[in-house]
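K.L.:
Kindly generate the corresponding structure for this input.
(one chain, ligands or ions: 1)
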Amino acid sequence: MIDLSQLKRLAGERAVDYVQSGMAVGLGSGSTVFYAIQRLAERVRAGLEVRCIPTSLVTERLARSLGLRLLDFSEVAELDLVIDGADEVDPNCNLVKGGGGALLREKVVAAAARRVVILVDETKLVGRLGAFPLPVEVLPFGWQVTLRRLERLGCRATLRERGGEPFLTDNGNFIIDCHFGEISAPAELEREIDLIPGVVESGLFLNLADLVLVGRREGIVEEITCRARPSPQRLPA
Ligand code: 5RP
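P.N.:
Take a look at the predicted model:
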């Protein structure tokens with residue numbers, strides 16, 4: 001039995017090697033990034049100077065509790081680096097994200113960063129995206145209609161719940177999890193999802209990752225450099 005938390009810790013801590021003094025850093029969300037934030041705080045206590053934008057209220061609370069300096073987009077136009085987790089990574093470095101429900105802010109932050117470093121344990125590497133249900137953030141208004149339109153794209157769609165109530169994102173929206181099984185054409189699917197009224201954002205992160213750090217059960221971190229491809233969602237270099 002592998003201890004996944006060890007693999008997450010390996011990848012999370014390695015990510016902080018890419019942080020340099022003076023950087024504005026985006027902090028992702030989830031259990032893997034948790035290790036990165038803890039390591040980052042250690043380096044800050046040792047003298048590293050960084051300012052961070054968190055992608056969720058949970059991450060914000062953690063960062064504050066560890067004494068990290070926070071900023072927002074009124075103070076900085078772009079970020080030097082973002083470190084974030086993922087639920088699936090395919091061989092082209094395309095991602096499914098949003099298992100924790102923070103996908104909207106995560107995408108805004110990733111798209112505003114010069115470099116996106118993704119941290120995963122090896123179980124997140126897949127040949128094709130889609131076994132992990134694709135999270136889609138939607139407006140609460142008319143979510144039933146949005147869900148039916150998502151199902152017409154070929155998935156079984158379920159409203160995410162917590163404690164018997166709809167799960168609410170940090171932005172006051174709902175999440176619909178779309179069970180596709182396998183996504184053969186991620187870019188086309190992303191375009192089709194984005195066209196549905198009521199959809200706020202999907203958890204498909206295409207052409208956004210620059211580097212993927214993979215915690216391996218051999219106790220090493222594999223570094224996968226992603227081919228640089230233009231993405232209309234990224235800031236111009
Ligand atoms: C949250 C995310 C997370 O990065 C993703 O769910 C991975 O989480 P974990 O590191 O806990 O496995 O996208 O919206």
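K.L.:
going forward, measure contacts between C-alpha atoms and count neighbours the same way
P.N.:
Fine.
K.L.:
Doesn't V25 lie inside a strand?
P.N.:
Yes: looking at V25 with DSSP: H, G, I helix; E, B strand; the rest coil, it is inside a strand.
K.L.:
Stretch 46-65 near the ligand anywhere?
P.N.:
No: on the criterion Cα under 6 Å from any ligand atom, stretch 46-65 is out of touch with the ligand, staying 8.4 Å away.
K.L.:
actually stretch 162-182, not the one I wrote
P.N.:
No: counting by Cα under 6 Å from any ligand atom, no contacts exist between stretch 162-182 and the ligand, the nearest distance being 9.7 Å.
K.L.:
Now find how far off-centre that stretch is within its chain.
P.N.:
From the chain centre to the centre of stretch 162-182 is a distance of 15 Å (Cα atoms, centre = their mean, to the nearest Å).
K.L.:
for it, how far is the first residue from the last?
P.N.:
By Cα to Cα, to the nearest Å, the extent of stretch 162-182 from end to end equals 26 Å.
K.L.:
in that stretch, what's buried?
P.N.:
By neighbour count with 16 or more other Cα atoms under 10 Å, stretch 162-182 contains the buried residues F167, L168, T169, N173, F174, I175, I176, D177, C178, H179, F180, G181.
K.L.:
contacting residues around it?
P.N.:
Identification of contacts with stretch 162-182 by Cα atoms under 8 Å, 6 or more residues apart in numbering yields 56-57, 101-102, 128-140, 143, 147, 150-151, 154-161.
K.L.:
how does the chain divide up, domain by domain?
P.N.:
According to automatic domain parsing, the chain comprises the domains 4-123+206-216, 134-201.
K.L.:
Dump the ones you listed to TSV, plus mean pLDDT.
P.N.:
Output for those, formatted as TSV (pLDDT from 0 to 100):
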stretch	mean pLDDT
domain 4-123+206-216	98
domain 134-201	98
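K.L.:
ranking these by burial, who's on top?
P.N.:
Across the domains of the chain, averaging neighbours per residue (mean count of other Cα atoms under 10 Å) puts domain 4-123+206-216 on top, at a mean of 21.
K.L.:
quick check, distance from it to the centre of its chain.
P.N.:
In terms of Cα atoms, centre = their mean, the centre of domain 4-123+206-216 is found 8 Å from the chain centre.
K.L.:
Now do the helix ranked longest in the chain: which elements does it pack against?
P.N.:
Taking DSSP state H as the criterion, the chain has its longest helix at helix 31-45. Contact here means 3 or more Cα pairs under 8 Å, 6 or more residues apart in numbering; DSSP states H and E; on that basis helix 31-45 packs against helix 4-15, helix 57-65, strand 81-84, strand 116-121.
K.L.:
between these, which gets nearest to D210?
P.N.:
strand 116-121 (5.2 Å; Cα to Cα).
K.L.:
and stretch 3-17, is it in reach of the ligand?
P.N.:
No: Stretch 3-17 lies out of reach of the ligand by Cα under 6 Å from any ligand atom, never closer than 7.1 Å.
K.L.:
Would you mind putting the CA coordinates of that stretch into CSV?
P.N.:
Extracted in CSV, the C-alpha atoms of stretch 3-17 (Å, rounded to 0.1, in the frame of the first residue of the first chain):
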residue,chain,number,x,y,z
ASP,A,3,1.3,6.2,1.4
LEU,A,4,0.0,8.9,-0.9
SER,A,5,0.6,11.7,1.5
GLN,A,6,4.4,10.9,1.4
LEU,A,7,4.3,11.3,-2.4
LYS,A,8,2.3,14.5,-2.2
ARG,A,9,4.8,15.8,0.4
LEU,A,10,7.7,15.0,-2.0
ALA,A,11,6.2,16.9,-4.9
GLY,A,12,4.9,19.7,-2.7
GLU,A,13,8.2,20.4,-1.0
ARG,A,14,10.2,20.2,-4.3
ALA,A,15,8.0,22.9,-5.8
VAL,A,16,9.3,25.5,-3.4
ASP,A,17,12.8,25.1,-4.9
